[in-house]
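1. Below are the sequence and a predicted model; questions follow.
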Amino acid sequence: MVAVIMISLMILIGLFLMGAALFAKKKSFEKIFISGQDNIIAGIVALIFQNAPIKVQRIMLFTFGLLWSGGFAYFLITGKY
């Protein structure tokens, strides 16, 4: 039961990220600061995100939210938790 609640919360976080990508103002994206990457891939993605135009940042954030919520929805639907 706790796993279902936690997975549902993770799906909501992914949906929130997708909504933020669609409805956030331009100033909100300019103020984003990413630090503390623990591996090289996260560092590269953070550099791309910081130096990309606003439209690319929105696309990246929406895609991450979609993958995040889709992954957890898969686990919730299939019951592999």
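-> Cool, got the structure. Numbers count the residues shown, from 1 in each chain.
2. C-terminal to the helix or strand of the chain with the lowest mean pLDDT, what's the next element?
-> Ranked by mean pLDDT, DSSP states H and E, the helix or strand of the chain with the weakest confidence is helix 26-30, at a mean of 84. Next helix or strand after helix 26-30 toward the C-terminus (DSSP states H and E): helix 40-51.
3. Counting by contacts, list what that next one packs against.
-> helix 54-78 (3 or more CB pairs under 8 Å, 6 or more residues apart in numbering; DSSP states H and E). Backbone N, C-alpha and C define where each C-beta goes, glycine included.
4. Now do the helix it packs on against helix 40-51, angle only.
-> For the pair helix 54-78 and helix 40-51, the angle between their directions (axes from the mean of the first three to the mean of the last three CA atoms, to 10 degrees) equals 140 degrees.
5. Show me which residues of helix 54-78 are buried.
-> The neighbour-count check on helix 54-78 (16 or more other CB atoms under 10 Å) flags 57-58, 61-62, 64-65, 68-69, 72-73, 76 as buried.
6. repeat for stretch 15-35
-> 17-18, 21, 29.
7. min pLDDT across those residues, which one?
-> Across the buried residues of stretch 15-35, the member with the lowest pLDDT is residue 29, scoring 81.
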